[in-house]
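> Output the structure for:
(one chain, ligands or ions: 2)
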Amino acid sequence: MSAPARLLLLSDIHLSRKRPYFHANWELMLRAIAQMPAPDLVIVTGDLALDGPSREDDLAFARAQLDRLPAPWHAVPGNHDVGGNPPDARGEHVVDEALRDAWLRHFANDFWSVDVPGWRLIGLDSLICGSGMAAEAKQADFLDAAITSAQGRRIAVFMHKPLCQHDVLETEMSTTCWFPSTRELLQRHVREGRIQLLVSGHLHEARDRNVSGTRHLWLPGLAFVSDPACEWQGSRGGRRRVGFVTAVMDASPVLSWHEPNALLNIDIGNWLRTGGIGLYKPLASEDQPYPGLFPTL
Ligand SMILES: [Fe+2]
Ligand SMILES: [Fe+2]
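Ligands and ions are numbered 1, 2, ... in the order given. Next comes the predicted model:
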């Protein structure tokens, strides 16, 4: 029997050559993991770019940075990479063919599967769900085939947005998680016990709990937090501190949560005062205060 795989799980790194607000944490993470046992595989659950839909170079830069990781890696897109799920709920870019194509230019695929001892790891593009794009139907077929051909391996699914906050039957339609009308893609497999682990990013809030019958892990963001108090949140029950996770993929994955002292817990709560992602847009445009603030990387 092969030794269980050791995964490094990263999320929400929000890199940008033009506006490297959070780049220090990327460098500090690379230094931290260089002191740890090398992972077999790295998985990044989205929001690799600061604002890919506005500037494709954020995607190009993030891709170049991922190639500095000390192990093979796989990534799924986030809303800051390809745009949000339609319909738009907060004034951000919405995924379309052109934005998805830009992701594919730099990352080759947006849904994938890879096998490690005892497990099949499946990455999904949670932003195309509900889009009606051809890729949405292809992804659904891909997911069914990947699960039915797993030959006894346990199934872990990696995606950007959490499936839900507290219960898969909750009806709130929010950009926090999958829209209720799209959850069935995964739920039909969850109900039948075919998925053992769900892993997501997006919320910059870390949590590990059983949700409607399946272990659902929320990864911490590496780039920033958005809670002024930086304490445990009552509403979602997660921890809002920057960090990352390592997982030893035994039958029940053994997680280690890493919050190296050197990491910067940059709080963007003030950016969000206007609601939604309002301040990301001016940050991303060329005529706002920040151009020229940073040296070229
Ligand atoms: Fe994010
Ligand atoms: Fe996100």
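> which residue is nearest the centroid of the chain?
Nearest to the mean C-alpha position of the chain, by CA atoms, centre = their mean, lies T45 at 2.6 Å.
> so what's that one up against?
9-12, 75-76, 78, 158-160, 199-202, 219 (CB atoms under 8 Å, 6 or more residues apart in numbering). (C-beta placed from N, C-alpha, C; glycine too.)
> Go again with 6 Å.
When the contact criterion is CB atoms under 6 Å, 6 or more residues apart in numbering, the partners of T45 are S11, V76, F158, H160, S200, G201, L219.
> before we move on, what about F22?
Here F22 is in contact with H14, A223, F224 (criterion: CB under 6 Å, 6+ apart).
> can you check F142 too?
Per CB under 6 Å, 6+ apart, neighbours of F142: F111.
> Let me know the secondary structure of it.
helix (DSSP: H, G, I helix; E, B strand; the rest coil).
> mind listing the helices for the stretch 51-200 of the chain?
Using DSSP state H, counting those that start in this stretch, the helices of the stretch 51-200 of the chain run over 56-66, 79-82, 97-107, 134-148, 184-191.
> So which other helices or strands are in contact with the shortest one?
Put plainly, it is helix 79-82. Judged by 3 or more CB pairs under 6 Å, 6 or more residues apart in numbering; DSSP states H and E, the packing partners of helix 79-82 are helix 97-107.
> Just the buried residues of the helix it packs on, please?
For helix 97-107, burial by neighbour count (16 or more other CB atoms under 10 Å) applies to L99, R100, A102, W103, H106, F107.
> neighbours around the closest residue to the second one other than its chain neighbours, how many?
This points to R100. Counting by CB to CB, 6 or more residues apart in numbering, V82 is the residue found nearest to R100 once chain neighbours are left out, at 5.4 Å. Look at V82: counted by other CB atoms under 10 Å, it has 30 neighbours.
> same deal with M36?
Applying other CB under 10 Å, I find that M36 has 14 neighbouring residues.
> Equivalent analysis for the one 10 residues further on, please.
Counted by other CB under 10 Å, the residues lying close to G46 total 30.
> Flag the shaky bits of this structure, pLDDT-wise.
Scanning the chain for pLDDT under 70 picks out 1, 227-235, 272-297.
> among the contacts of F22, who's most crowded?
Of those, with other CB under 10 Å as the count, H14 tops at 29 neighbours.
> Secondary structure class of H216, three-state.
strand.
> Run through the bridge partners of R6.
When bridges are called by DSSP bridges, R6 pairs up with V248.
> so it makes contact with A38?
No: between R6 and A38 there is no contact under CB atoms under 6 Å: 8.0 Å.
> quick one, which of those two is more surrounded?
R6 (19 against 10).
> dump the residue contacts of that one.
R6 touches P39, D40, V248, counting by CB under 6 Å, 6+ apart.
> try I155
If you count contacts by CB under 6 Å, 6+ apart, then I155 has R120, I147, I195, Q196 around it.
> quick one on the thing from earlier: okay, and which of the contacts of F22 map to strands?
Here DSSP state E is the test, and these give no hits in strands at all.
> Of those, just say which sits nearest to ligand 1.
For these, the residue nearest ligand 1 by CB to the ion is H14; the value is 5.9 Å.
> Quickly find the element holding whichever residue of the stretch 101-250 of the chain sits closest to ligand 2.
Distances between the stretch 101-250 of the chain and ligand 2 by CB to the ion are smallest at H202, namely 3.8 Å. Under DSSP states H and E, no helix or strand contains H202.
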